[in-house]
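**Q** predicted model follows, preceded by the sequence.
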Amino acid sequence: MKNIKSILENMTIDKYIALFIFIGLLILPLLSSRYSVQIFGKYITYTILALGLDILWGSTGLMNLGFAIFFGLGSYIFGISMAIQKGLPAFMSFGGLTELPWLYVPLQSPAVAALLCIVIPGLVALILGYFVFTSKIKGVFYSIITLAFVALFELFITDQQIYTGGASGVNGIPTGLMTLRLFGSKISIFDWYYIAFASLVIIYMFCVWLNHSRFGKIIHSIRDNEMRVQFLGYNPAVFKIAIFTISAAIAGFAGLLYVPMSSFVSIENSGVAFSTMIIIWLAVGGRGNLTGAMAGALLVSFLQNILSGYFGGMWQVVLGVGLILIVMVLPKGLIGSLIDWQYMRRIHGRQHANPGSDPVPPARKVEV
Amino acid sequence: MGLLASQVINGLTNTSILFLVAVGLVVIFGLLDVVNMAHGEFIMFGAYSAVVCVNTLHLPFVVAVLIAALFTALIGSVVERFIIQRLYGKVAETLLGTFALSYIFQQLVRTIFGPEDQLMALPIDTTLHFGSIVVPVYNVVLLVVSVIVLAGTLLLLIKTKFGMQLRANVQNRTMVQCLGVNSARIDNLTFSYGCALAGLAGALIAPVKSVTPDMGVTYVVDSFMVVVLGGLNSIFGSFMGSFVVSESSTVMAGYMSEITAKLLIFIVIIGVIRFRPQGLFFNKDKR
């Protein structure tokens, strides 16, 4: 009992908030309507996506301006798989196709599609990462290349109307979702919600573990001082490629889960604008401490839902002004600043308890 | 053969547009180390001010272009003074701050002018005929202006006192301050100059491209490609970069889908910077 108490006392504030978020999401479906379950199910996939970017940007310092591409790949693969369950979807037959393109044949099996949702984004990241990281492309260049990449992806998807539904997106997903069976029964939206929730908790645990493992220590060092990591005999490129691949796979999985929540896949959730939005979630919540990513994703998406009702388009101005204020006043984001505040308080508490002891050096530096 | 020739000439027009659009970005990034994500919105401001000057105030086009450049320079100066100045040296923060600005600017313009395309007549609508190929005179004007901007910017940086102070400011800021130069003012002027170039580009492309609140997004990504290829701090490199990118994409677009052409070029660019990570024309001496 005493053990648990000391653990709780020593827990940093971000862990408390993470716990609070998990409990809130766990009991939410019991208290609310089907519609809000769907909305919050969507937000859960956003938080998973934000976790994926956080281990890339927050932990390794690689600011990816095109992260939505992996989310988009996952959601497009699963969405198209759902759309072709009952024959050719409308956008393909209107485009003049009479039979399924060979590329889509494996997607007829939902299980294969689900697997590909994780493998393909990972593979894309692996290849791009190999080219980018083995040639000393650093800092801003990486961000710009990822931005160009997502812009091209957006153009490509919009251009390939027959194969991807173009600008109007993939339709016919709900009928495909109805055919899915898990242990012989249909999967309701509540089931999907809890599948997403369980995945969120597992991925959060995985990210926490990753950050505390040896691998995590090395990627943190790459963020803080890449040169020194090289001097210690590690090859930073390998670690960067690995973390890029892992985060892309997480994003692809989030994209998979997004499909049943929205029943619709379009470029809105895989293009430049959405990539920027993910960056904003992390900026608002704070980077490098997982909770910040989750809280930022939930907070901004929730506010967007409410405020865009009140303000209409002016919501963008509100968001912009808010973002500028955060960048200028709380550069570590909301949760990051809370951690700092709690940390300072603890130091002061300790100094009051036994004056004369050295102030403890900062536990960790999050500077990206 | 006719197709190839006309695509090469179209490519020249696209080169001049792309260079005009990208050069402001290069000036701001190369000299201040700020990646201005709101660059596209400054282009948009330039285009809208030209539209207002010509359509509403019935000013001549040349005056409209100058007003557009001055107007965006003013906005750039204000933005630098209150926001960018506090963020120098922090890459992620400048990106986020300028992102935020682009959100605000886009929405403000959308609120005032509405989301629809603003139309603007070509200031010169005569055409030149070379055999079977028709070239609008305005496209020639664009090319001439872009060469003037290239030469002017290079002269400004190399030959004038301001340019010398500016380059010195990049190399050794403390020393420049010791010599009694107000380096904050130089930063401000540089940022405004970059924005003025964006405004100029916006005004010049307003008659030939669609003018909408989110027009900037399309140009920003292309300009970044140019900048990555040409080298982030080389003005001449960005000219060559725009030449390579637009010429190859326009010529290829004659034979395949434009998107495929762009994808191919992106792959080539990734391949090129694999061997020249700083871009083709990175200028070491300037740093």
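**A** Sure, I can see it.
**Q** report the buried residues of stretch B:83-97.
**A** Buried positions in stretch B:83-97, judged by neighbour count with 16 or more other Cβ atoms under 10 Å in any protein chain shown: B:83-84, B:87, B:90-97. In this view, the C-beta of every residue, glycine as well, is placed from N, C-alpha and C.
**Q** also stretch A:172-191?
**A** Residues of stretch A:172-191 classed as buried by neighbour count (16+ other Cβ under 10 Å): A:172-173, A:176-177, A:189.
**Q** and which of those residues is nearest B:A68?
**A** Distance to B:A68 across the buried residues of stretch A:172-191 (Cβ to Cβ) is lowest for A:I173, with 45.8 Å.
**Q** circling back to that earlier point, among the buried residues of stretch B:83-97, which are located in helices?
**A** Residues from the buried residues of stretch B:83-97 lying in helices, with DSSP state H as the criterion: B:91-97.
**Q** now cross-check those against chain A and list the overlap.
**A** Among those, the ones lying near chain A by Cβ under 8 Å from any Cβ of the partner chain are B:91-93, B:95-97.
**Q** contact residues of the stretch 151-287 of chain B facing chain A?
**A** Going by Cβ under 8 Å from any Cβ, the residues of the stretch 151-287 of chain B near chain A are B:217, B:221, B:224-225, B:227-228, B:232, B:257, B:259, B:262-263, B:266, B:269-271, B:273-275, B:277.
**Q** narrow those residues to those that are buried.
**A** Counted by 16+ other Cβ under 10 Å, those give B:217, B:221, B:224-225, B:227-228, B:232, B:259, B:262-263, B:266, B:269-270, B:273 as buried.
**Q** any idea which of the residues you listed is least confident?
**A** Lowest pLDDT of these: B:L232, 69.
**Q** in stretch B:116-124, what's buried?
**A** Buried-residue list, stretch B:116-124, by 16+ other Cβ under 10 Å: B:118, B:120, B:123.
**Q** any idea what the first one is bridged to?
**A** So the one you mean is B:Q118. B:V211 (DSSP bridges).
**Q** I'd say it and B:P213 touch.
**A** No. Counting by Cβ atoms under 8 Å, B:Q118 sits too far from B:P213 to count as a contact (9.6 Å).
**Q** per-residue confidence at the closest residue to B:G194 other than its chain neighbours?
**A** Among residues not flanking B:G194 along the chain, B:I28 sits closest, at 3.7 Å (Cβ to Cβ, 6 or more residues apart in numbering or on different chains). The confidence metric pLDDT takes the value 88 at B:I28.
**Q** ok, and B:I28, which helix or strand is that part of?
**A** Using DSSP states H and E, the element containing B:I28 is helix B:2-32.
**Q** what residues sit buried inside that helix?
**A** B:6-7, B:9-32.
**Q** list the contacts for B:A198?
**A** With contacts defined as Cβ atoms under 8 Å, 6 or more residues apart in numbering or on different chains, B:A198 is in contact with B:21, B:24-25, B:39, B:42-43, B:45-46, B:72, B:76.
**Q** columns pLDDT and distance to A:W209 on top of these, output as CSV?
**A** Formatted as CSV, the contacts of B:A198 follow (pLDDT from 0 to 100; distance: Cβ to Cβ, whole Å):
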residue, pLDDT, distance to A:W209
B:V21, 89, 46
B:G24, 89, 46
B:L25, 88, 41
B:H39, 92, 41
B:F42, 94, 45
B:I43, 94, 46
B:F45, 94, 48
B:G46, 94, 51
B:T72, 95, 50
B:G76, 94, 47
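**Q** list only buried entries from the residues you listed.
**A** Counted by 16+ other Cβ under 10 Å, these give B:21, B:24-25, B:39, B:42-43, B:45-46, B:72, B:76 as buried.
**Q** list the contacts of the residue most central in space within chain A.
**A** Nearest to the geometric centre of chain A sits A:L49, at 1.3 Å (Cα atoms, centre = their mean). Residues in contact with A:L49 (Cβ under 8 Å, 6+ apart) are A:67, A:71, A:250-251, A:254-255, A:278, A:297.
**Q** checking B:V135 next. Helix, strand or coil?
**A** strand (DSSP: H, G, I helix; E, B strand; the rest coil).
**Q** ok, it to chain A distance?
**A** 27 Å (Cβ to the nearest Cβ, to the nearest Å).
**Q** do the same with B:G202
**A** 19 Å.
**Q** and that residue, helix, strand or coil?
**A** From three-state DSSP, the assignment for B:G202 is helix.
**Q** all helices for the stretch 51-200 of chain B, in order.
**A** Ranges of helices in the stretch 51-200 of chain B, per DSSP state H, counting those that start in this stretch, are B:61-82, B:91-113, B:137-159, B:161-171, B:173-178, B:183-205.
**Q** so which of the ones you listed is the most surrounded?
**A** helix B:183-205 (a mean of 25; mean count of other Cβ atoms under 10 Å in any protein chain shown).
**Q** output that one in PDB with nothing but the alpha carbons.
**A** Extracted as PDB, the C-alpha positions of helix B:183-205 are listed here (Å, rounded to 0.1, in the frame of the first residue of the first chain):
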ATOM      1  CA  SER B 183      21.400  44.700 -36.700                       C
ATOM      2  CA  ALA B 184      17.700  44.400 -35.600                       C
ATOM      3  CA  ARG B 185      16.900  47.000 -38.200                       C
ATOM      4  CA  ILE B 186      18.800  45.100 -40.900                       C
ATOM      5  CA  ASP B 187      16.900  41.900 -40.000                       C
ATOM      6  CA  ASN B 188      13.600  43.800 -40.300                       C
ATOM      7  CA  LEU B 189      14.500  45.300 -43.700                       C
ATOM      8  CA  THR B 190      15.600  41.900 -44.900                       C
ATOM      9  CA  PHE B 191      12.400  40.300 -43.900                       C
ATOM     10  CA  SER B 192      10.400  43.100 -45.500                       C
ATOM     11  CA  TYR B 193      12.500  42.800 -48.700                       C
ATOM     12  CA  GLY B 194      11.700  39.100 -48.900                       C
ATOM     13  CA  CYS B 195       8.000  39.900 -48.400                       C
ATOM     14  CA  ALA B 196       8.100  42.700 -51.000                       C
ATOM     15  CA  LEU B 197       9.500  40.200 -53.500                       C
ATOM     16  CA  ALA B 198       6.600  37.800 -52.600                       C
ATOM     17  CA  GLY B 199       4.100  40.700 -53.100                       C
ATOM     18  CA  LEU B 200       5.700  41.600 -56.400                       C
ATOM     19  CA  ALA B 201       5.400  38.000 -57.500                       C
ATOM     20  CA  GLY B 202       1.800  37.800 -56.400                       C
ATOM     21  CA  ALA B 203       0.900  41.000 -58.300                       C
ATOM     22  CA  LEU B 204       2.600  39.800 -61.400                       C
ATOM     23  CA  ILE B 205       1.000  36.300 -61.500                       C
END
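**Q** ok, back up a step: of all the helices of the stretch 51-200 of chain B, which one is nearest A:T146?
**A** helix B:91-113 (11.9 Å).
**Q** tell me which strands and helices the closest one is in contact with?
**A** Judged by 3 or more Cβ pairs under 8 Å, 6 or more residues apart in numbering or on different chains; DSSP states H and E, the packing partners of helix B:91-113 are helix A:272-285, helix A:315-329, helix B:39-51.
**Q** helix B:183-205 and the shortest one, what's the angle between them?
**A** The reference is to helix B:39-51. Orientation of helix B:39-51 against helix B:183-205 (axes from the mean of the first three to the mean of the last three Cα atoms, to 10 degrees) gives an angle of 60 degrees.
**Q** about what we covered before: pLDDT and distance to A:S33 added to the buried residues of stretch B:116-124, as TSV?
**A** What follows is the buried residues of stretch B:116-124, written out as TSV (pLDDT from 0 to 100; distance: Cβ to Cβ, whole Å):
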residue	pLDDT	distance to A:S33
B:Q118	84	43
B:M120	83	50
B:P123	81	58
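**Q** turn those into CSV, columns for distance to A:G322.
**A** Shown next, in CSV, are those (distance: Cβ to Cβ, whole Å):
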residue, distance to A:G322
B:Q118, 29
B:M120, 34
B:P123, 41
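**Q** with these in mind, which one is nearest to chain A?
**A** B:Q118 (17.5 Å; Cβ to the nearest Cβ).
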